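1. Model the following, please.
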Amino acid sequence: MPPVSRLSLCFILVTIVATTALGACARVRPYQRGTLSKRSMTADVDAGERRFGQHQTGSREGADGGTGEPGGGCGCN
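-> Residues are numbered from 1 along each chain as shown. Sure thing, here's the model as predicted:
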């Protein structure tokens with residue numbers, strides 16, 4: 001069996017990646033867009049939950065992610 005050249009190995013790798021990426025594509029119909037735009041379909045957290053999480057982390061660990069809250073204490077303020 002002849003050794004596999006670098007070019008053919010790269011071609012095989014690109015083909016596998018492209019095939020995998022194209023399998024994730026889907027056509028969204030106009031009547032489906034309303035369902036996909038609902039709040040429950042988003043992965044992010046709303047501002048109130050994010051702010052509470054930062055306050056909780058900052059007060060419990062004494063560490064803060066640069067949000068301006070002082071650290072330390074029980075987190076009941």
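2. Which helix or which strand is home to Ile16?
-> helix 6-23 (DSSP states H and E).
3. For that helix, C-alpha coordinates in CSV please.
-> The C-alpha coordinates for helix 6-23 follow below in CSV (Å, rounded to 0.1, in the frame of the first residue of the first chain):
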residue,chain,number,x,y,z
ARG,A,6,-0.2,15.2,2.7
LEU,A,7,-2.3,16.7,0.0
SER,A,8,-4.7,13.7,-0.1
LEU,A,9,-4.9,13.6,3.7
CYS,A,10,-5.8,17.3,3.7
PHE,A,11,-8.4,16.7,1.0
ILE,A,12,-10.0,13.9,3.0
LEU,A,13,-10.0,16.0,6.2
VAL,A,14,-11.6,19.0,4.4
THR,A,15,-14.2,16.7,2.8
ILE,A,16,-15.2,15.3,6.2
VAL,A,17,-15.4,18.7,7.8
ALA,A,18,-17.5,20.1,5.0
THR,A,19,-19.9,17.2,5.0
THR,A,20,-20.4,17.5,8.7
ALA,A,21,-21.0,21.2,8.5
LEU,A,22,-23.4,21.0,5.6
GLY,A,23,-25.5,18.4,7.5
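4. quick one: contacts of it?
-> Taking contacts as CB atoms under 8 Å, 6 or more residues apart in numbering, no residue outside helix 6-23 touches it. All C-beta atoms are positioned from the backbone trio N, CA, C, and that covers glycine.
5. Can you point out the buried residues in that helix?
-> Across helix 6-23, burial judged by 16 or more other CB atoms under 10 Å covers no residue at all.
6. Same question for stretch 52-62.
-> 54-55, 57-59.
7. State the mean pLDDT of it.
-> Here stretch 52-62 scores 74 as its mean pLDDT.
8. So which elements touch the worst-scoring helix or strand of the chain on mean pLDDT?
-> Least confident helix or strand, the chain: helix 47-61 with a mean of 74, by mean pLDDT, DSSP states H and E. Of the remaining helices and strands, none touches helix 47-61 by 3 or more CB pairs under 8 Å, 6 or more residues apart in numbering; DSSP states H and E.
9. tell me which residues in stretch 31-49 are buried?
-> In stretch 31-49, no residue is buried by neighbour count (16+ other CB under 10 Å).
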